[in-house]
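Asks: Need a 3D model of the sequence below.
(one chain, ligands or ions: 1)
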Amino acid sequence: MRIDVITLFPDFIAQCAAFGVTGRAGERGLLSLHGWNPRDYAEGNYRRVDERPFGGGPGMVMLIDPLRAAIEAARAADPVPAKVIYLTPQGAPLTQAKARELAARERVILLCGRYEGIDERLIEAEVDEELSIGDYVLSGGELAAAVVVDAVARLQEGALSDAESAEQDSFEGGVLDCPHYTRPVEHELGRVPDVLLSGNHADIARWRRKESLGRTWQRRPDLLDEAALTQADHKLLDE
Ligand code: 6GU
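Replies: Below you'll find the model as predicted:
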């Protein structure tokens, strides 16, 4: 998969490609990340990328032309057509289902805004989708773009080792993850639950599912409305 990021801070995004699962996905050729700086496409000695808003008010608005030229340069760098996604608190919430949908694409372009926003005409003309990573305000879309890159990179086939397998993650299947334990069995902070030491795989799977459902019910009951629960799950919740 190819991800192009339109950002005033391409170095920030390059860091995503340097570490951990994202870095490994890059090394394995599963993900290629490219940064495009609208300032490189801005005119004049000052290479302006923003101006004061019409109608007054605080802050600055990003200009159409440098952004449009950067998007065009990104598009032209590869013949595969790309969906353009603008990261903004006004966007639809990023979910694991959305991450899976994006991860299945060959290419996406992520557009990061700074300051108070982007001229609405650029959004209308170029943006296919708007995404938010939560109900709080960041100073720019870069952290949100990094979140999308990570969520999508780890879903690429071959990005995770078997041990890291994505299938059991929180939100896969719509419920939270269960608790995990490792050595030692006895510790001053407590003992590992006996069932995990029993060697009975059916009991262990049942215990884990019950913990996942219980946590989801306690912490994120909103998720249970959407989760596809089986009859066996309802029984576990009732126990
Ligand atoms: Cl995508 N951008 C900004 N600037 N703030 C955010 C966000 C995005 N998602 C949550 N807050």
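Asks: Tell me the residues on the chain that lie near the ligand, please.
Replies: 87-89, 91, 132-134, 136-138, 140-141, 144 (C-beta under 6 Å from any ligand atom). All C-beta spots, glycine's among them, are computed from the backbone N, C-alpha and C.
Asks: Swap in 5 Å and give it another go.
Replies: Neighbours of the ligand within the chain, by C-beta under 5 Å from any ligand atom: 87, 89, 132, 133, 134, 138, 141, 144.
Asks: so what's the fifth one up against?
Replies: For residue 134, the contact set (C-beta atoms under 8 Å, 6 or more residues apart in numbering) comprises residue 93.
Asks: and if you look at the second one?
Replies: Under the criterion of C-beta under 8 Å, 6+ apart, the contact partners of residue 89 comprise 132, 135, 136, 137, 138.
Asks: Report the buried members of the residues you listed.
Replies: 132, 138 (16 or more other C-beta atoms under 10 Å).
Asks: Go through the contacts of residue 89 and say which is closest to residue 13.
Replies: Closest approach to residue 13 among these (C-beta to C-beta): residue 138, at 14.3 Å.
Asks: Verify the stated contact: the closest one with residue 144.
Replies: Yes: with contact defined as C-beta atoms under 8 Å, residue 138 counts as touching residue 144 (6.4 Å).
Asks: Return the subset of the contacts of residue 89 lying in strands.
Replies: Using DSSP state E, the subset of the contacts of residue 89 located in strands is residue 132.
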